[in-house]
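*Asks:* Need coordinates for the following:
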Amino acid sequence: MLLTPARFPSVLGDDYVAACAALALEPYEEGYGLVLGQDGEGARWTVVVDDVSLVAVAIAAWDCGMAHDLSPDERSVVCALPGWPLALTVAAPGVPAPHDPETDGLGPAPLAPPDPDSWGPAQRRLGADEIAERWALWREQVDDAAFVRPDGERGGEAAEGTGSDGAGSENSGGPGSGSGDEPGSGSTVGGGGAEPGAPAAGHHPGVRRALSEAVTYTRTPPPPGRIRSVFASADTRTLRVDGPGWSMVARTDDIALILLDEEPGAVLPVGRGPALPGLLEALDALAPHPV
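*Replies:* All right, here's what the predicted structure looks like:
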C-alpha cells in the first residue's frame, strides 16, 4: 500500500498527517510504502519503507494482473510494525496461518483492522472508500426524483442544504435496500450491521455540517490528504473528502454521497443543484493529482 498525501489507507485517519501519526511516522511529503507480510513463523508485520516508487510499481503490476516480486532493500526500511491495519485473507505455502507476533508487551501494540460489527470513524471511511471504488453500482440506487430540479420542483419533500439544493435528502430506497452481496441488495457499509441508505431525518444537520466544512476547505485548505481525487473518466474525477465525523464521495459531474458517524451505515445523497458543481470543482483543484 501507499502512504502519501494523494493515496493512503483511509482506515488510519481522515488525512495524511493523521494516518502517519497512527503509525508514529513523520508526515514527509514524499510519503512511504507499506508492505504487509509475514515472518517465517507466520506473524503479521507491516514494513514501512521510504522507497515509494518500488511499492507503486508493484501495485501497478498487480492491478494489471502481472506477477511482480516486492522485496524492499533493507536500506529502505524505516521500521517494522507488528500486525496489519487491514483484514487480509492469505495462505502462503509453508508458512503458518497469520497471527500477531509475540511482543511481550514491548513496543507498539499490534495493528489491527477495525471491528466489522461496530461503526465509527474507521468504518465510515472504509465505507466511503467502497462507494468510491464501486460508484456505478451505488449511484444507480439513488432516486434522482428526490432531488431539487433546476426549475425548483422536486419529486419529494423540499430539502435545504449548505452548498447544494437537495442536501440532506434521505436515501431510504438507496443502496442496501434489498438482500444479497451487491450494493443495492443489502450489503453493509463499513461494518456495524446497518444497511446503507437506512432512513435518516431530512434536512440532516450532519449533512449540512459536512457541506459547510467542505466549503470552508475551499477557503482554508485542510491538512494534506483530507481531499483526494482520482481519475474516473476523460472529463470526470472521483472525490474522497473527509472531516471530523463525516466522509464524502462524489463525482465531479454528478452528485455527492455522505456518510456520518452518527448515522451507522446510512448513505445520504446530496443533489447536484446549482452550487454543488462549483464546490466539487474547487475541492478537486485542492487535491493532489499525481502523474
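
*Asks:* Which pLDDT value goes with the spatially most central residue of the chain?
*Replies:* Nearest to the geometric centre of the chain sits D129, at 3.2 Å (CA atoms, centre = their mean). Per-residue pLDDT puts D129 at 95.

*Asks:* neighbours of the residue nearest to it when sequence neighbours are not counted, just the number please.
*Replies:* Excluding the flanking residues, the one nearest D129 by CB to CB, 6 or more residues apart in numbering is S10, at 5.2 Å. Bear in mind the C-beta positions are built from the backbone N, C-alpha and C, glycine included. S10: 24 surrounding residues under other CB atoms under 10 Å.

*Asks:* A56 too?
*Replies:* Residues contacting A56 under the criterion other CB under 10 Å number 16.

*Asks:* same thing with D235?
*Replies:* Per other CB under 10 Å, the neighbour tally for D235 reads 7.

*Asks:* ok, now how distant is the residue nearest to D129 from R124?
*Replies:* As judged by CB to CB, to the nearest Å, S10 and R124 stand 9 Å apart.

*Asks:* With M1 instead?
*Replies:* M1 sits 19 Å away from R124, taking CB to CB as the criterion.

*Asks:* ok, those two, which is more surrounded?
*Replies:* R124 (29 against 17).

*Asks:* Can you give the contact residues for the lowest-mean-pLDDT helix or strand in the chain?
*Replies:* Each helix and strand of the chain was given a mean pLDDT (mean pLDDT, DSSP states H and E); the minimum falls on helix 52-63 at a mean of 80. With contacts defined as CB atoms under 8 Å, 6 or more residues apart in numbering, helix 52-63 is touched by 1-2, 4, 30-35, 49, 67-70, 72, 76.

*Asks:* Could you pick out the buried ones from those residues?
*Replies:* Neighbour-count burial (16 or more other CB atoms under 10 Å) applied to these gives M1, L2, T4, G31, Y32, G33, L34, V35, V49, L70, P72, S76.

*Asks:* Check the fifth one and give its pLDDT.
*Replies:* The score at Y32 is 95. That number is its pLDDT.

*Asks:* What sits closest to it if chain neighbours are left out?
*Replies:* Computed as CB to CB, 6+ apart, the closest residue to Y32 that is not its neighbour in sequence is L3, at 4.3 Å.

*Asks:* count of residues packed around the one you found?
*Replies:* So L3, with other CB under 10 Å, has 25 neighbours.

*Asks:* Ok, the one 4 residues further on next?
*Replies:* Other residues lying near R7 total 20 when counted by other CB under 10 Å.

*Asks:* The closest residue to it other than its chain neighbours sits in which helix or strand?
*Replies:* In space, and not counting its chain neighbours, R7 is closest to R228: 7.0 Å by CB to CB, 6+ apart. Using DSSP states H and E, R228 maps to strand 227-233.

*Asks:* Could you pull up the residues touching the residue nearest to R7?
*Replies:* A6, R7, L239, R240, V241, A287, P288.

*Asks:* isn't the third one right up against V249?
*Replies:* By that I understand L239. Yes. The pair L239 / V249 is scored as a contact, 7.1 Å apart, by CB atoms under 8 Å.

*Asks:* that older thread, CSV for the buried ones among the contacts of helix 52-63, including distance to R134 and secondary structure?
*Replies:* Converted to CSV, these look like this (distance: CB to CB, whole Å; DSSP: H, G, I helix; E, B strand; the rest coil):
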residue, distance to R134, secondary structure
M1, 19, coil
L2, 20, strand
T4, 23, coil
G31, 26, coil
Y32, 27, strand
G33, 25, strand
L34, 23, strand
V35, 26, strand
V49, 30, strand
L70, 26, coil
P72, 31, coil
S76, 34, helix
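
*Asks:* Perfect, I'm done here.
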